[in-house]
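Student: need a structure here:
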Amino acid sequence: MANRDTSGMGDDTLAKRLFRAVPDSARELWDILDREGETVVVGGCVRDVTMGQTPHDWDFATRLTPNQVRTVAEAYGWSVRDTGVQFGGVTCIRGPWRYEVTTFRKDGRYKDGRHPQTVQFTTSLFEDLARRDFTMNAIAIRGNGSVFDPYLGRMDIANHIIRAVGDPVKRLMEDPLRIWRAFRFMGMGSEWDHEATLSKAIVATRPLLINIPRERQSAELMKLLEMPAFDHALKDLFLQSRVLDILIPELTGTHDFNQYNPHHKYSVAQHLYLTAQAGPTPILRLAGLLHDIAKPQCFTLDAQGVGHFYDHAEVGAVYVQEILKRLSFSNQVVKAVTDLVRHHMFPWGEARSNTVRRQVREWGLDHVRDLWTLREMDLVGTGFDANFDRETLEGIVEEINAEDHLHLLALAISGHDIMRVKGIGPGPEVGAYLRRVQRYVDDYPSENRMAHLIALLEAGTFDIG
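Tutor: Next up is the predicted model:
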């Protein structure tokens, strides 16, 4: 296929932009390799420059074999490490600079859904580009500034189309992780979409994702949730292609699940998506995506035909903790998301100052504020206009913070004081007294004074029975 410029950016313009962006060290390595055998800049860095972005990594492809790359680079003071020599790849290093250099190659059959069984080196740049995933990543720029774009990747970038190189089913079967990559590219902007045959190929090959380590897929999910148009990609990933069900099978039962509830317009799955869509951070988006995951298991229908989901927050927290551990999320993420799911039904609308004090003390102010945000997200996901009086709750927090002696909600007495006054030793009884005193202070914060609390202890105010 002849190279045609249909992107609106001529070869000269694209090359000039790339030459301005390439670091001096990378350009030096490029020049010394190119003198010995055709060497091109290819892949993500060319894609980024075409899109007007600054590349973070620079990758080279070359006619030179790995041994030839080593010989040439070392002659000019570069050290060379074998980082994938069986696949034609080495890393050239000098000081802080590291650049991947890969020999032009043709891949054989893929043995594990990730790596080809055999690799055949070639002198053909066209054959090397033919094995790449998407047309936007199959654009090469030669050292003389000419652009080689046999799959019209620039045209697809200009039209915001994510298209596979060649047969999309074959490309995804070679490496099913490319499915996640296709959705991450979709998250670049709401104008980006998969080409029709790629969408069909994603649905056809999604079962192969069971062969990809879960931790790699969960990392891709979090990257997607950080993308500027994450909601655009997530809608397809979850509601349309249902690829997300492969990673989290517990979501399967939420699709088309009618809630039969006057407070919800949508199915559980649609509600989960809309809640996640309203989230301001990746962690809150993940919590929104999972917060009602147990609703199908907790569903009951009353005599009036109204659906209820008793204990779905507590049951959901159990599910979510297991899911996130299975997907190898960090302990910090597991705890944060699990706690958000467990507490997301807390009745803040009924909360007064003492209740807010108590929950801030038990859960921490950051978690409480995240819960308020999740409640706002949850209401968006219902499809109805609903009011959440966050302003009043924030006002209570300001009152708490204004009282310095209550900022940390620390009691004026300790367990040692209780043991001395009540004449008891260490044990559960001390903790019981502390909890009763703390509840009293939550209700009457101005009375958090040592002498006063000691007097109440002596009077038996906190005794049981």
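Student: which residue ranges of the stretch 1-150 of the chain form strands?
Tutor: With DSSP state E, counting those that start in this stretch applied, the stretch 1-150 of the chain shows strands at 39-42, 59-62, 79-84, 89-94, 97-103, 105-107, 119-121, 140-142, 147-148, listed in chain order.
Student: please identify which of those is closest to residue 199.
Tutor: For these, distance to residue 199 was read as C-beta to C-beta. The smallest value, 24.2 Å, belongs to strand 105-107. From N, CA and C alone the C-beta is placed, and that goes for glycine too.
Student: would you tell me which one of the strands of the stretch 1-150 of the chain is buried the most?
Tutor: strand 39-42 (a mean of 25; mean count of other C-beta atoms under 10 Å).
Student: run through who's touching it.
Tutor: 18, 22, 30, 33, 58-64, 101, 125, 128-129, 137-143, 148 (C-beta atoms under 8 Å, 6 or more residues apart in numbering).
Student: reformat the strands of the stretch 1-150 of the chain as CSV; add distance to residue 53 and mean pLDDT.
Tutor: Listed next are those as CSV, based on distance: least, C-beta to C-beta, whole Å; pLDDT from 0 to 100:
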stretch, distance to residue 53, mean pLDDT
strand 39-42, 15, 97
strand 59-62, 15, 96
strand 79-84, 25, 90
strand 89-94, 24, 95
strand 97-103, 19, 96
strand 105-107, 27, 85
strand 119-121, 30, 87
strand 140-142, 15, 96
strand 147-148, 17, 96
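Student: so for residue 353, which of those sits nearest?
Tutor: Taking the strands of the stretch 1-150 of the chain one by one with C-beta to C-beta, strand 97-103 is closest: 56.8 Å.
Student: report all helices and strands that that closest one contacts.
Tutor: With contacts taken as 3 or more C-beta pairs under 8 Å, 6 or more residues apart in numbering; DSSP states H and E, strand 97-103 sits against helix 24-36, strand 59-62, helix 66-75, strand 89-94.
Student: for the first one, C-alpha coordinates in PDB please.
Tutor: Same thing as helix 24-36. The C-alpha coordinates for helix 24-36 follow below in PDB (Å, rounded to 0.1, in the frame of the first residue of the first chain):
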ATOM      1  CA  ASP A  24      19.800  15.400  21.700                       C
ATOM      2  CA  SER A  25      20.900  12.100  23.200                       C
ATOM      3  CA  ALA A  26      18.200  10.200  21.300                       C
ATOM      4  CA  ARG A  27      19.000  12.000  18.000                       C
ATOM      5  CA  GLU A  28      22.700  11.200  18.500                       C
ATOM      6  CA  LEU A  29      21.900   7.500  18.900                       C
ATOM      7  CA  TRP A  30      19.500   7.500  16.000                       C
ATOM      8  CA  ASP A  31      22.100   9.100  13.700                       C
ATOM      9  CA  ILE A  32      24.900   6.600  14.500                       C
ATOM     10  CA  LEU A  33      22.600   3.600  14.100                       C
ATOM     11  CA  ASP A  34      21.100   5.000  10.900                       C
ATOM     12  CA  ARG A  35      24.500   5.400   9.300                       C
ATOM     13  CA  GLU A  36      25.000   1.700   9.600                       C
END
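Student: in that helix, what counts as buried?
Tutor: With burial defined by 16 or more other C-beta atoms under 10 Å, the residues of helix 24-36 counted as buried are 25, 26, 28, 29, 30, 32, 33, 34, 36.
Student: report the rounded mean pLDDT for that helix.
Tutor: Averaged across helix 24-36, pLDDT comes to 97.
Student: again, but for stretch 241-257
Tutor: Rounded mean pLDDT across stretch 241-257 is 97.
Student: quick check: mean pLDDT of the top helix by length along the chain?
Tutor: In the chain, with assignment by DSSP state H, the single longest helix is helix 365-382. Averaged over helix 365-382, pLDDT sits at 97.
Student: which of the residues in the very next helix or strand once past it are buried?
Tutor: Proceeding N to C from helix 365-382, the next assigned helix or strand is helix 390-402, under DSSP states H and E. Within helix 390-402, the residues scored as buried using 16+ other C-beta under 10 Å are 393, 396, 397, 400.
Student: low-confidence stretches in the stretch 151-300 of the chain?
Tutor: Residue ranges of the stretch 151-300 of the chain with pLDDT under 70: none are present.
Student: quick one: the strands in it?
Tutor: Using DSSP E, counting those that start in this stretch, strands in the stretch 151-300 of the chain cover 161-162, 193-194, 299-301.
Student: show me what the last one is packed up against.
Tutor: Right, strand 299-301. Strand 299-301 packs on strand 307-309, going by 3+ C-beta pairs under 8 Å, 6+ apart.
Student: average pLDDT for the strand it packs on?
Tutor: pLDDT averaged over strand 307-309 gives 96.
Student: list of residues touching the next helix or strand after that strand?
Tutor: Remark: after strand 307-309, the chain's next helix or strand is helix 312-326, criterion DSSP H and E. With contacts defined as C-beta under 8 Å, 6+ apart, helix 312-326 is touched by 214, 248, 250, 290-295, 297-298, 333-334, 337-339, 341-345.
Student: burial of residue 226, as a residue count?
Tutor: 13 (other C-beta atoms under 10 Å).
Student: which residue lies closest in space to it, excluding its sequence neighbours?
Tutor: Distance criterion C-beta to C-beta, 6 or more residues apart in numbering; nearest residue to residue 226, sequence neighbours excluded, is residue 282 at 5.2 Å.
Student: which strand residues sit across from residue 142 in the sheet?
Tutor: Beta bridges link residue 142 to residue 40, judged by DSSP bridges.
Student: begin at 741, not 1, for the rest of this chat.
Tutor: Happy to do that; since the first residue is 741 now, the last one works out to residue 882.
Student: residues touching it, list them.
Tutor: 774, 778, 780, 888.
Student: can you count the residues close to the residue nearest to residue 1139 when sequence neighbours are not counted?
Tutor: Nearest non-adjacent residue to residue 1139, counting by C-beta to C-beta, 6+ apart: residue 1093, 6.8 Å away. Residues near residue 1093, counting by other C-beta under 10 Å, number 16.
Student: kind regards, and thank you for your time.
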